[in-house]
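1. Sequence first, predicted model second:
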Amino acid sequence: MRTLRRSPTVVTLALVLAVFACQQVAGLLGWRGLFALSNPLLAQPWTVVTSVYAHADVAHLVANALALALGGLLVERLTTRVRFHAFFAGVGALAGVTQVAVVGLVGPLVPGMPAQVAVLGASGAVLGLYGYLLGANRLTEMLVAGIELAPRVQLALGIVLAAAITLLTANPGAALIAHFTGLLVGFLAGRGHLLAPGERAQVQRPTA
């Protein structure tokens, strides 16, 4: 039990549930938009973070919670609790902001595309965890070291992989830009072993 309480994945899951409970209370009071990220970003700046842990409905929450449980338990073995939480919140926030910003810029120029969206959910952050595992695993290290891929090629590979996974896992209503951003940032962070503490990061850092 003590180990579970110290697990950043379990803490994050508890936080997601707590935020969802707060959403229900806020909905009863007519404050449904209190947790969602949308333009203008500075109108409700706290939503940059709250939107990462908030969800649209129970099905949305359960799907992300299951994915978080699997990916989180793997990533937390590679890092510290502080780094895990900072990475999860940071990648999730960046993914959400990118989704809102891109739609805000491109939406008015594309017929039929909304000019503004409201973003909720941990999927960008969760996919960041999977992107990290993809970039930092031993198989990737062996391939990169063996072929000696240049940094630019690794970036291009990350973009292609993130785009492919995003399209393969796409579903109606999904924030595809946020998913792509989370995967790409996670992959690049994995290649640099950003979450590996201390000397371990230096030992594992690729030489290519």
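-> Here it is on my side, so go on.

2. where does the chain dip in pLDDT?
-> 1-4, 108, 111-115, 140-149, 198-208 (pLDDT under 70).

3. Contact partners for the residue positioned nearest the centre of it?
-> For the chain, A125 is the residue whose C-alpha lies nearest the centre (C-alpha atoms, centre = their mean; 1.6 Å). By C-beta atoms under 8 Å, 6 or more residues apart in numbering, the contact list for A125 reads 52, 88-89, 91-92, 95, 182. Heads up, the C-betas are built off the backbone N, CA and C, glycines and all.

4. which element follows the one helix or strand A163 maps to toward the C-terminus?
-> Element membership of A163 [criterion: DSSP states H and E] is helix 151-168. Counting by DSSP H and E, the next helix or strand C-terminal to helix 151-168 is helix 176-191.

5. what about the longest helix seen in the chain, distance to the chain center?
-> Ranked by residue count under DSSP state H, the longest helix found in the chain is helix 81-106. With C-alpha atoms, centre = their mean, to the nearest Å as the basis, helix 81-106 stands 7 Å off its chain's centre.

6. swap in stretch 116-131?
-> On C-alpha atoms, centre = their mean, the centre of stretch 116-131 falls 5 Å from that of its chain.

7. sorry, back to before: would you mind writing the CA trace of the helix holding A163 as PDB?
-> Extracted C-alpha coordinates of helix 151-168, given in PDB (Å, rounded to 0.1, in the frame of the first residue of the first chain):
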ATOM      1  CA  PRO A 151      19.900  14.300 -35.100                       C
ATOM      2  CA  ARG A 152      17.900  15.700 -38.000                       C
ATOM      3  CA  VAL A 153      17.100  12.200 -39.200                       C
ATOM      4  CA  GLN A 154      16.000  11.200 -35.700                       C
ATOM      5  CA  LEU A 155      13.700  14.300 -35.600                       C
ATOM      6  CA  ALA A 156      12.300  13.400 -39.000                       C
ATOM      7  CA  LEU A 157      11.800   9.800 -37.800                       C
ATOM      8  CA  GLY A 158      10.000  11.100 -34.700                       C
ATOM      9  CA  ILE A 159       7.700  13.200 -36.800                       C
ATOM     10  CA  VAL A 160       6.800  10.300 -39.100                       C
ATOM     11  CA  LEU A 161       6.200   7.900 -36.200                       C
ATOM     12  CA  ALA A 162       4.100  10.400 -34.300                       C
ATOM     13  CA  ALA A 163       2.000  11.200 -37.400                       C
ATOM     14  CA  ALA A 164       1.500   7.500 -38.200                       C
ATOM     15  CA  ILE A 165       0.500   6.500 -34.700                       C
ATOM     16  CA  THR A 166      -1.800   9.600 -34.500                       C
ATOM     17  CA  LEU A 167      -3.600   8.600 -37.700                       C
ATOM     18  CA  LEU A 168      -3.800   4.900 -36.700                       C
END
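
8. Okay then, goodbye and thanks.
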